[in-house]
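S.K.: The following comprises the amino acid sequence and a computationally predicted model.
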Amino acid sequence: MDTELSIRLLQAYAAGLAAQSMQHKVQSKVFASQGLVKLAEKYAGHATEEMGWVDKFIDRIIDLGGAARVEAAPEQTIYDDPVEFIEADLEVSEREVPNLGKATLAVAEDLTTFDLLKGYYQDEEEDMYWMQTQLGLIKVIGKQEWLIRQLYVNEKVFDRGAFRAPCFRGGRTGQQRYGKDLRFQGQRQQRRRS
């Protein structure tokens, strides 16, 4: 088993994935500000999931006796157009998923690292298929219809009044819209009754 190879690969994926996770988190905020709640939730969850993989990679590096490092990450592009973002993200996935497959096979003698990278590979492959499906759907139903579908959460139309963050660019929070902080409204009513 080549422990050094396992550590190098895990460190490279941990560093790259941490940067990608931050990009997805920021991109989620951009989508939320545009009212694209379904897409915002997808990428917020994706960012959290990616940091979970980073944690697993770091844990494995430490288990192998390596020293985990924080590395500088290249700047990540943030997109206003969700379709352009998915196209760019898919391009990265289609380029990197095969490389991840090769890296996974390279550590086949280190079964724990192999299983870890295999799980990550399967997750990334699933994400790649989701993006391909979304772009195919956009070709069939059109960009505007697809964007409308991103406004839905749990089959209900997005309720801007219940959303605390700005809903659209230049939008207002509940406090700005109604002149009061809605989070504490119920607590104040309970205190008055007491």
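M.R.: Perfect, thanks for sending it. Residues are numbered from 1 along each chain as shown.
S.K.: Give me the distance from stretch 27-47 to the chain's centre.
M.R.: 9 Å (CA atoms, centre = their mean, to the nearest Å).
S.K.: Give me the buried positions along it.
M.R.: 27-37, 39-44, 46-47 (16 or more other CB atoms under 10 Å). C-beta here means a position set from N, CA and C on the backbone, and glycine is covered the same way.
S.K.: so residue 108 sits in a helix?
M.R.: No. Using DSSP: H, G, I helix; E, B strand; the rest coil, the assignment for residue 108 is coil, not a helix.
S.K.: May I ask which helix or strand encompasses the residue lying closest to it once chain neighbours are set aside?
M.R.: Leaving aside its chain neighbours, residue 108 sits nearest to residue 114 (5.2 Å; criterion: CB to CB, 6 or more residues apart in numbering). Assigned by DSSP states H and E, residue 114 belongs to helix 111-141.
S.K.: what stretches of this protein score poorly on pLDDT?
M.R.: Residues of the chain meeting the criterion pLDDT under 70: 152-194.
S.K.: contacts for the helix or strand that comes right after the helix holding residue 114?
M.R.: The first helix or strand that comes after helix 111-141 along the chain, using DSSP H and E, is helix 143-149. Applying CB atoms under 8 Å, 6 or more residues apart in numbering, the contact partners of helix 143-149 are 36, 38, 82-83, 134, 137-138.
S.K.: mind running it again at 10 Å?
M.R.: Helix 143-149 is contacted from outside by 34-36, 38-39, 81-83, 86, 134-135, 137-142, 157, using CB atoms under 10 Å, 6 or more residues apart in numbering.
S.K.: just the buried members of the residues you listed?
M.R.: Judged by 16+ other CB under 10 Å, buried ones among the contacts of helix 143-149: 34-36, 39, 82, 86, 134, 138.
S.K.: follow-up on the earlier one: helices or strands up against the helix holding residue 114?
M.R.: helix 3-33, helix 37-63, helix 82-106, helix 143-149 (3 or more CB pairs under 10 Å, 6 or more residues apart in numbering; DSSP states H and E).
S.K.: Compare these and report which one is nearest to residue 129.
M.R.: Evaluated over those, closeness to residue 129 peaks at helix 82-106, with 9.3 Å, by CB to CB.
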